[in-house]
Each structure stands twice: as C-alpha cells, then as structure tokens.
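*Asks:* the following block contains a protein sequence and its predicted model.
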Amino acid sequence: MSEKKKLEAYYGLPEEVRFCTKCVMSNQRPTSAIEFKHTKDSKKTTMNFDENGVCDACRTAEIKDSIDWGMREEELIKLLDKHRKNDGSYDCLVPGSGGKDSAYQAHVLKYKYNMNPLTVTWPPILYTDYGLKNWRNWLDSGFDNISFYRNGKVMKLLTKLSIENLLHPFQTFILGQKNLAPKIAAQHGINLIFYGENEAEYGNPLADNMSSLRDKSYFSFEHLDEVFLAGVSIKELMEKYDVRLSDLMAYLPPKLEELEKAY
C-alpha cells in the first residue's frame, strides 16, 4: 500500500485543518488583515480556536447575551451628540453598498437619531442586477452618496495580478472598502464613520471587539515602500507594468500623518 500523500498548503494557510466544535467553521478562513501588506509569501492569520476548540465567532455570539443594550444605546446617543452638527453639513459617514448592513444603519442614524449621514460607495468590479437595485433603493430612501468609479484599466490589471499572486480576485474591492471612507471623511471634515459589519462576528480576534474604534493600521500607511497592491510593490507596478503613481492613488490608503491632521 502506498504511503498517504501529505497535503500541501497554499497561500499561507495552515497545513493542519481544524473545525470549530460548535459551528464547524474551519481554521482555513483568514481573518481581517492589513490588505496592502499581502504578498505571495505572506502567512495568513486565520480563525482562532480556544482550548475547547470553539472559534472566536462563536464566543462573540455568546458575549452578546451579557451586553446591557440599553446602556449601550445611551453611549451611542452621547457619541452622536458629540458629533452632531446643526448647520446642515454632514456629521457622520456611512460606507456601503445599500445591502442590509449599510442601508439599516444609515436609516437608523438619519430617521431615529436625527443625524445627517453622507454615504459613500466603492462599486464592485461587476454589479449584479440585485446589487445595483439595492444601491439605488438605498439612495432613493433619502441619502446623499459619493460613488467612486476608478480607472478601469488599472482595476483590471490589479484584479488579474491579485488572482495570479494571491488567489484573491476580491482584493481590489476590499482595498476600496477599507480606504475610501476615511479619505472622503477627511475631505469633508467628518470625524465619525460607521461601518456596518462587525468582523468579530465572522471570526476576527475577540480583542478586536473590545473597542468600537477601528485600528488605523488597517487603513493608513507611513512609507510607500511598505505598500503592496495585488502582492506587488508600488515600485514594481510602476516599472514593470507601466502604471503611474497617480493611477494607483485610488487604491492606496491615506497616509497616517494626513489622517492625524484631519482628525
């Protein structure tokens, strides 16, 4: 009988496959990462299991049962009052597509808590009919929106390279999800951004759920040489693929020093 062939792991995922003892999610699911630092050689951080084999997503679900939601709403109202504006300008920003998360939170912010949210959208590579209808319905329910359509030639190139280098056709979309909102907020003097999904519910580390503030390292950089798009350095993209820096700006996160000045 031939020896059992050892399976080979690809794209930085762990060789040992494990499953949560409660929800059977596997440890092959990557958690959120600093997207612009992905390279071919990156080792992926994946869903964590505790000593009982239970994943962080299940533990997050359990924590919800012990939260005082009345007190949590009071904290939210204090936060909104701190940023509320009475001159007609936008006082918060909601990035989204018009799906269930962004549509709900924008609606609640405006019609329940009397905020004036600006919505922003980084469109997908290819809209589905339902996706485009959701987006239009969102705006028709009473919201201003900035939708950022980027250079199609560069988007196609980066999508192709991210598939070849990272097996990650979604990266060009994720880069916009992470980076567009803080850029637009800074331009409009908005200091409060609401994201719809809590990534800890999908398996991000429990520590990420201890604060509602988003870690700036996810969407800012200090030095251009630390930024990779589609697994390729900015320098290589410019030299090998004849792409201008100006063509890549839409995909770059804001510089940390610029964010600190704005906020």
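*Replies:* Thanks, I have it.

*Asks:* rest of the way, CA atoms for contacts and neighbours
*Replies:* OK.

*Asks:* what sits up against stretch 92-107?
*Replies:* 83, 115-123, 131, 134-139, 177, 181, 185, 190-197 (C-alpha atoms under 8 Å, 6 or more residues apart in numbering).

*Asks:* any of these buried? List them.
*Replies:* 115-123, 131, 134-135, 138, 177, 181, 185, 190, 192-196 (16 or more other C-alpha atoms under 10 Å).

*Asks:* among those residues, which are in helices?
*Replies:* The helices, defined by DSSP state H, take in Gly131, Asn134, Trp135, Trp138, Gln177, Ala181, Ala185 from the buried ones among the contacts of stretch 92-107.

*Asks:* for the stretch 101-250 of the chain, which segments count as strands?
*Replies:* 117-121, 145-147, 228-229, 232-233 (DSSP state E, counting those that start in this stretch).

*Asks:* in this protein, which spans are helices?
*Replies:* Remark: helices assigned in the chain by DSSP H are 56-64, 69-83, 100-111, 129-140, 152-166, 171-187, 234-240, 245-248, 256-262.

*Asks:* what about the nearest residue to Tyr218 once chain neighbours are set aside, neighbour count?
*Replies:* Distances taken as C-alpha to C-alpha, 6 or more residues apart in numbering place Ile34 nearest to Tyr218, at 4.9 Å, with adjacent residues excluded. Ile34: 15 surrounding residues under other C-alpha atoms under 10 Å.

*Asks:* what do you get for Ser141?
*Replies:* 11.

*Asks:* ok, it to Gly53 distance?
*Replies:* Look at Ser141 and Gly53: by C-alpha to C-alpha, to the nearest Å, they are 44 Å apart.

*Asks:* turn the ones in helices among the buried ones among the contacts of stretch 92-107 into TSV, columns for pLDDT and distance to Phe228.
*Replies:* TSV is the format used below for those (pLDDT from 0 to 100; distance: C-alpha to C-alpha, whole Å):
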residue	pLDDT	distance to Phe228
Gly131	95	29
Asn134	96	32
Trp135	97	30
Trp138	97	33
Gln177	88	16
Ala181	94	20
Ala185	94	24
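
*Asks:* need the residues you listed in CSV with distance to Phe219, can you?
*Replies:* Shown next, in CSV, are these (distance: C-alpha to C-alpha, whole Å):
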residue, distance to Phe219
Gly131, 25
Asn134, 26
Trp135, 24
Trp138, 26
Gln177, 10
Ala181, 9
Ala185, 13
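
*Asks:* ok, so of those residues, who is nearest Gly88?
*Replies:* Among these, Ala185 lies closest to Gly88 (C-alpha to C-alpha), at 15.8 Å.

*Asks:* isn't that closest one up against Phe194?
*Replies:* No. Ala185 is beyond contact range of Phe194, at 11.0 Å (criterion: C-alpha atoms under 8 Å).

*Asks:* what is the least confident helix or strand in the chain by mean pLDDT packed up against?
*Replies:* Ranked by mean pLDDT, DSSP states H and E, the weakest helix or strand in the chain is helix 256-262, scoring a mean of 77. Judged by 3 or more C-alpha pairs under 8 Å, 6 or more residues apart in numbering; DSSP states H and E, helix 256-262 is in contact with helix 171-187.

*Asks:* quick check: closest non-adjacent residue to the most centrally placed residue in the chain.
*Replies:* In the chain, the centroid-proximal residue (C-alpha atoms, centre = their mean) is Lys178; its distance is 4.2 Å. Leaving aside its sequence neighbours, Lys178 sits nearest to Phe219 (C-alpha to C-alpha, 6+ apart; 5.8 Å).

*Asks:* any idea how far that neighbour lies from Asn191?
*Replies:* Phe219 is 15 Å from Asn191, by C-alpha to C-alpha.

*Asks:* likewise Pro30?
*Replies:* 30 Å.

*Asks:* again, but for His38
*Replies:* Distance from His38 to Asn191, by C-alpha to C-alpha: 28 Å.

*Asks:* likewise for Glu199?
*Replies:* Taken as C-alpha to C-alpha, the span from Glu199 to Asn191 is 21 Å.
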